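Q: I need the structure of the sequence given here:
(one chain, ligands or ions: 1)
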Amino acid sequence: MTFIGHSLVGASLAQATIPAGASWKQWVFIINLYVLVAFFPDLPFPGWGHFRYDFSHSLFVNLALIIPLTLLGCYYRSRKDFASYPLLLGAALAWLTHFPLDAMYNHGRGVAIYWPFSEAALNLPLPWFATLDMSQPLTSAYNARVFLVEALFYLPVLATAILARYLWLRRRRPTGHAAGSSGHSR
Ligand SMILES: [Zn+2]
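A: From the prediction side, this is the model:
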């Protein structure tokens, strides 16, 4: 999946874990964090990303990063008022969504997520998800179509997540507007 698909799924997951009282700054930070981790295996670090597709898309390599980072976050959570457990677990889940999403490409080769232990691939092809053609500009008609298809598929997922969050926030809002503050800062 391209950045479009990964980031929309990351942003969708964030809707479920952003604390109810989060400020706009926290909201933006968490969305960006989730988008970043959802895209992490593709980041163009030296020796990472598409330069080392086997290594960067190995479930075991990624778990070796995800588990210590999540445990570290949980440790800080237990000691200080840092993040929340759902937020931390959601970030780990956002990271893990990268693999099923990449497995959805219609080329049918899947992703060899079991490297280095097995050559087997996770393969969940859907006919409308094509890979980018990097021999063409990203703005070419072909690549624009790839982006558009992902946007059309995942934007409703994000819209549903935002709606679900809105309804959840409405339900947990205390009844009785006259009692106390006007609630502008909520
Ligand atoms: Zn990838």
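Q: Let me know whether the helix or strand bottoming out on mean pLDDT in the chain sits next to the ion.
A: Least confident helix or strand, the chain: helix 53-56 with a mean of 92, by mean pLDDT, DSSP states H and E. No - Helix 53-56 lies apart from the ion when judged by C-beta under 5 Å from the ion; the minimum separation is 7.4 Å. Backbone N, C-alpha and C define where each C-beta goes, glycine included.
Q: So what touches that helix?
A: For helix 53-56, the external contacting residues (C-beta atoms under 8 Å, 6 or more residues apart in numbering) are 41, 42, 47, 48, 49, 50, 61, 112, 115, 116.
Q: Next SSE downstream of that helix?
A: For helix 53-56, the following helix or strand on the C-terminal side (DSSP states H and E) is helix 59-79.
Q: of the contacts of helix 53-56, list those near the ion.
A: Okay, of the contacts of helix 53-56 touching the ion (C-beta under 5 Å from the ion), that's 41, 42.
Q: which sections of this protein are below the confidence cut-off?
A: Along the chain, the parts satisfying pLDDT under 70 run over 175-186.
Q: Which parts of it are helices?
A: 3-17, 24-39, 53-56, 59-79, 85-96, 98-102, 141-172 (DSSP state H).
Q: of all those, which lies closest to residue 128?
A: helix 141-172 (5.4 Å; C-beta to C-beta).
Q: and the angle from that closest one to helix 3-17?
A: 10 degrees (axes from the mean of the first three to the mean of the last three C-alpha atoms, to 10 degrees).
Q: Wondering if helix 141-172 reaches the ion at all.
A: No - on the criterion C-beta under 5 Å from the ion, helix 141-172 is out of touch with the ion, staying 12.7 Å away.
Q: Work out the gap between that helix and the centre of the chain.
A: 12 Å (C-alpha atoms, centre = their mean, to the nearest Å).
Q: mind listing what's buried in it?
A: 143, 146, 147, 149, 150, 153, 154, 157, 158, 161, 165 (16 or more other C-beta atoms under 10 Å).
Q: As TSV, these with distance to residue 85 would be great.
A: Below are the buried residues of helix 141-172 laid out as TSV (distance: C-beta to C-beta, whole Å):
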residue	distance to residue 85
143	39
146	36
147	35
149	35
150	31
153	30
154	26
157	24
158	23
161	19
165	18
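Q: for these, which one is nearest residue 83?
A: Distances from residue 83 to the buried residues of helix 141-172, taken by C-beta to C-beta, are shortest for residue 165, at 17.7 Å.
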